[in-house]
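In: sequence first, then the predicted structure, then my questions.
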Amino acid sequence: MSKFWSPFVKDLVPYVPGEQPKLTKLVKLNTNENPYGPSPKALAAMQAELNDNLRLYPDPNGDRLKQAVADYYGVQPEQVFVGNGSDEVLAHAFHGLFQHGRPLLFPDVTYSFYPVYCGLYGIPFEAIALDDAFQIRVEDYARPNGGIVFPNPNAPTGRLLPLEAVERLLQSSPDSVVLVDEAYIDFGGETAISLVDKYPNLLVAQTLSKSRSLAGLRVGIAVGHPDLIEALERIKNSFNSYPLDRMAIAGAAAAFEDRAWFEEICAKVAASREVVVAGLEALGFEVLPSAANFVFARHPQKDAAGLAAGLREQGVIVRHFKQARIAQFLRISIGTPEQNQALLDALKGL
Ligand code: PMP
């Protein structure tokens with residue numbers, strides 16, 4: 001605290017990201033990264049930028065990437081926003097679309113960045129409890145609101161809300177923006193981008209950090225009605241004229257163009273997920289149905305914090321959240337078959 005701070009900074013509690021350990025030998029299953037590398041075509045596109053173009057400013061509009069996303073989803077480039085990780089995309093959406101004085105609705109439990117953005121931008125919110133099966137109950141959101149946001153699949157539960165339920169939610173709040181945060185959609189869900197032409201209040205955010213294996217590049221996108229996209233552009237351009245660097249634009253565009261690589265690594269992760277679920281269940285864990293690249297599991301007799309600590313001692317790191325309702329769960333990212341086996345072997349002794 002300093003007298004130089006703007007007053008609101010005193011109450012700001014920043015988001016704490018998952019640990020990025022300095023030791024490299026760990027089996028790192030704590031931040032939902034992809035265990036496989038990015039598309040070789042994305043790497044080549046970045047290398048070309050590195051070799052030839054870094055002395056030049058990037059395209060201030062990121063047109064190449066917007067076009068690649070538009071082509072991939074069959075939308076217009078004017079319906080696409082690109083930013084520095086979906087965290088930044090979400091921040092601009094909160095800033096530009098949710099400051100109406102009415103409460104923003106999101107689930108309790110969900111991505112813990114949402115209340116942070118609310119604090120940053122002075123947005124009132126109501127966190128709505130998940131049902132007993134840790135699922136979002138659409139009917140609970142049919143009330144006056146200044147917007148709705150939720151991850152689909154939800155984080156950290158991994159539970160998917162079917163597209164038909166997303167559509168019901170859109171219909172019940174036609175006068176406010178519904179932001180669907182699809183960070184994990186490619187591992188087993190159906191994107192709501194197919195609905196953007198039908199619902200001008202729908203904004204879908206995605207990331208290249210998970211299914212496209214580019215977490216280190218920091219690229220996120222949003223797709224929606226051009227009016228929503230324009231709000232995000234206005235906010236973004238008021239911060240930084242070049243929000244994505246040349247490598248990010250080129251690498252992310254090439255990643256969208258390389259559909260075969262993307263489909264292959266998503267399928268491998270989804271297949272491994274079923275192996276991990278079966279292995280955990282054989283060890284007595286209860287595992288929530290997951291459509292993501294992680295599973296959320298609890299053991300009826302064993303303390304989750306103790307399990308996380310015991311795994312760490314054996315070089316396997318997973319995520320444990322202290323929040324009361326989920327304190328008995330571990331969130332475990334899906335790794336390579338070898339990493340998954342190392343996890344299961346380590347759990348056997350605990
Ligand atoms: N949304 C959700 C639900 C997430 O779990 C994450 C990853 N922490 C993000 C958004 C942000 O992803 P990124 O900033 O890497 O695009």
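Out: Sure thing, it's come through. Numbering: from 1, shown residues only.

In: show me the helices in the chain, by range?
Out: 40-52, 63-73, 85-97, 113-121, 163-172, 226-237, 246-257, 259-282, 304-313, 337-348 (DSSP state H).

In: pretty sure residue 72 is in contact with residue 256, am I right?
Out: Yes - using Cβ atoms under 8 Å, residue 72 is in contact with residue 256, at 4.8 Å. Every residue, glycine included, has its C-beta placed from N, CA and C.

In: among those two, which residue is more densely surrounded?
Out: Each of residue 72 and residue 256 has its neighbours counted (other Cβ atoms under 10 Å); residue 256 has more, 23 against 18.

In: how many residues are close by the nearest residue to that one once chain neighbours are set aside?
Out: Nearest non-adjacent residue to residue 256, counting by Cβ to Cβ, 6 or more residues apart in numbering: residue 68, 4.1 Å away. Residue 68: 23 surrounding residues under other Cβ under 10 Å.

In: for residue 310, same thing?
Out: When neighbours are counted by other Cβ under 10 Å, residue 310 comes out with 16.

In: who's in contact with it?
Out: By Cβ atoms under 8 Å, 6 or more residues apart in numbering, the residues touching residue 310 are 346, 349, 350.

In: which one of these sits closest to residue 35?
Out: residue 346 (16.5 Å; Cβ to Cβ).

In: where does the residue nearest to that closest one when sequence neighbours are not counted fall, phi/psi-wise?
Out: Nearest non-adjacent residue to residue 346, counting by Cβ to Cβ, 6+ apart: residue 314, 4.2 Å away. The phi/psi pair for residue 314 (degrees, to the nearest 10) reads phi -100, psi 10.

In: give me the pLDDT for residue 314.
Out: pLDDT recorded at residue 314 is 95.

In: now swap in residue 23 and tell me
Out: Model confidence at residue 23, given as pLDDT, is 68.

In: okay, now the unreliable bits of the chain?
Out: Low-confidence regions of the chain, defined by pLDDT under 70, span residues 23.

In: can I see the domain layout of it?
Out: If you go by automatic domain parsing, the domain ranges for the chain are 7-37+260-348, 41-258.

In: enumerate the residues of the chain near the ligand.
Out: 85, 86, 87, 111, 151, 155, 181, 183, 207, 209, 215, 220 (Cβ under 6 Å from any ligand atom).

In: how about the nearest residue to the last one, chain neighbours excluded?
Out: Nearest residue to residue 220 in three dimensions, chain neighbours excluded: residue 86, at 3.0 Å (Cβ to Cβ, 6+ apart).

In: distance of the one you found relative to residue 61?
Out: Note on residue 86: its distance to residue 61, by Cβ to Cβ, to the nearest Å, is 19 Å.

In: okay, the two: which has more neighbours?
Out: Relative neighbour count places residue 86 above the other of residue 86 and residue 61, with 26 against 16, counting by other Cβ under 10 Å.
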